[in-house]
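**Q** Prediction below, plus the sequence it came from.
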Amino acid sequence: MENQIKIHVMHTGLVRVDRSLPFHGVARNPFAFTGILRSQKNKVTLPVSSYLIEHPKGTILIDTGWHKNIRQSNFSELGMQMQINSGYLPAGWAVDERLAQLGYHPSDLDYVLMSHLHCDHASGMPLVKDAKKILVSAEEWQIANRLPLVYLPREWRGVNVTTYQYQELSVGPFNRAFDVFGDGSILQVYTPGHAAGLTATLIRGEKGRYVLLAADVGYAAMSWEEMLTPGICINRNQAIQSLGWVREMAHDKNCIAAFANHDPHVDQQIITLPL
């Protein structure tokens, strides 16, 4: 592992939503993404992905998927948000269960990096609260604790969360990023739009080769291929700029892979990136 980075793509749940939520513009009704008064034929079921990164300088988890509570009741975990999305968590899919399958305990994690704090990404945070550091951007943390109708702050109650500030770096749609190890190999790139502090993860290896974890900048590769922003955006202008950057990065010859968090065409897999 000294000369390589290993990236595990893991599915840590499923989410069922109206098809206009991941792909804004496919419905005439501007509120179709809520699913209210919409037929079941418009529903799609998508994976919820998390990523384990084995790096010579530390072990990193990106996002946490659903908490096991979702198995008993969507309402108890999501409240009224279940009107917009329904969560599912098959046996063995919870983030701590996925880690155990790979031989890890949450306390083995050096970092948990949250792309943002929407429920399908943050619900499982208590399952990995023993990680050494749990980090989220200051922009996302601030708004997530002020908008209880959009976010569910109780999901990280009792979890020790630390915020970081983006730095002015020549990367991303707004030239702002957080360099996790200080060597440019793992960058949390500021990609707002869907959420105020949304962060994509750029993993860089030798000879300029890289893997991009695009979080919810787009819900699937289809998003950047057809320039379809998510139905829910706090700032659609920024969302378009972020999606344009992801598209360009995904098409670059140095890109080994670009993953969206909810792409139904992405299977669990392992990618090795030489350093």
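**A** Yes, it's here.
**Q** Give the next helix or strand downstream of the longest helix along the chain.
**A** Determined from DSSP state H, the single longest helix within the chain is helix 236-251. The first helix or strand that comes after helix 236-251 along the chain, using DSSP states H and E, is strand 255-259.
**Q** Between the two ends of stretch 196-206, how far is it?
**A** By C-alpha to C-alpha, to the nearest Å, the extent of stretch 196-206 from end to end equals 32 Å.
**Q** That one: how far from the chain's middle?
**A** 10 Å (C-alpha atoms, centre = their mean, to the nearest Å).
**Q** Now do the buried residues in that stretch.
**A** Residues of stretch 196-206 classed as buried under the neighbour-count rule (16 or more other C-beta atoms under 10 Å) are 196-205. C-beta coordinates here come from the backbone N, C-alpha and C atoms, glycine included.
**Q** What of stretch 142-160?
**A** For stretch 142-160, by 16+ other C-beta under 10 Å, it's 143-144, 151-152, 155-156, 159.
**Q** Export the residues you listed as JSON lines, with columns for pLDDT and distance to V112.
**A** Listed next are the buried residues of stretch 142-160 as JSON lines, based on pLDDT from 0 to 100; distance: C-beta to C-beta, whole Å:
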{"residue": "I143", "pLDDT": "96", "distance to V112": "19"}
{"residue": "A144", "pLDDT": "96", "distance to V112": "15"}
{"residue": "Y151", "pLDDT": "95", "distance to V112": "17"}
{"residue": "L152", "pLDDT": "95", "distance to V112": "17"}
{"residue": "E155", "pLDDT": "95", "distance to V112": "13"}
{"residue": "W156", "pLDDT": "97", "distance to V112": "11"}
{"residue": "V159", "pLDDT": "98", "distance to V112": "9"}
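**Q** Tell me which entries of the residues you listed lie within helices.
**A** Using DSSP H, the buried residues of stretch 142-160 in helices are 143-144.
**Q** Okay, and which of the buried residues of stretch 196-206 map to strands?
**A** Among the buried residues of stretch 196-206, the residues falling in strands (DSSP state E) are 199-204.
**Q** what about stretch 110-128, average pLDDT?
**A** Averaging pLDDT along stretch 110-128 yields 98.
**Q** now the end-to-end length of that stretch.
**A** With C-alpha to C-alpha as the measure, stretch 110-128 spans 11 Å from end to end.
**Q** about what we covered before: what residues of the longest helix of the chain count as buried?
**A** Within helix 236-251, the residues that count as buried by 16+ other C-beta under 10 Å are 238-239, 241-243, 245-247, 249-250.
**Q** what helices or strands is that helix leaning on?
**A** Counting contacts by 3 or more C-beta pairs under 8 Å, 6 or more residues apart in numbering; DSSP states H and E, helix 236-251 is packed against strand 199-204, strand 210-213, helix 221-225, strand 255-259.
**Q** Could you check how far that helix is from the centre of its chain?
**A** Its chain's C-alpha centre and that of helix 236-251 lie 16 Å apart, by C-alpha atoms, centre = their mean.
**Q** any idea of the mean pLDDT for it?
**A** Per-residue pLDDT values across helix 236-251 average out to 98.
**Q** Checking P47 next. Helix, strand or coil?
**A** The three-state label given to P47 by DSSP: H, G, I helix; E, B strand; the rest coil is strand.
**Q** Return the set of residues that bridge with it.
**A** Beta bridges link P47 to L14 when assigned by DSSP bridges.
**Q** Save the buried residues of helix 236-251 as JSON lines, and put in distance to M10 too.
**A** Formatted as JSON lines, those follow (distance: C-beta to C-beta, whole Å):
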{"residue": "Q238", "distance to M10": "28"}
{"residue": "A239", "distance to M10": "26"}
{"residue": "Q241", "distance to M10": "29"}
{"residue": "S242", "distance to M10": "24"}
{"residue": "L243", "distance to M10": "24"}
{"residue": "W245", "distance to M10": "25"}
{"residue": "V246", "distance to M10": "21"}
{"residue": "R247", "distance to M10": "25"}
{"residue": "M249", "distance to M10": "22"}
{"residue": "A250", "distance to M10": "21"}
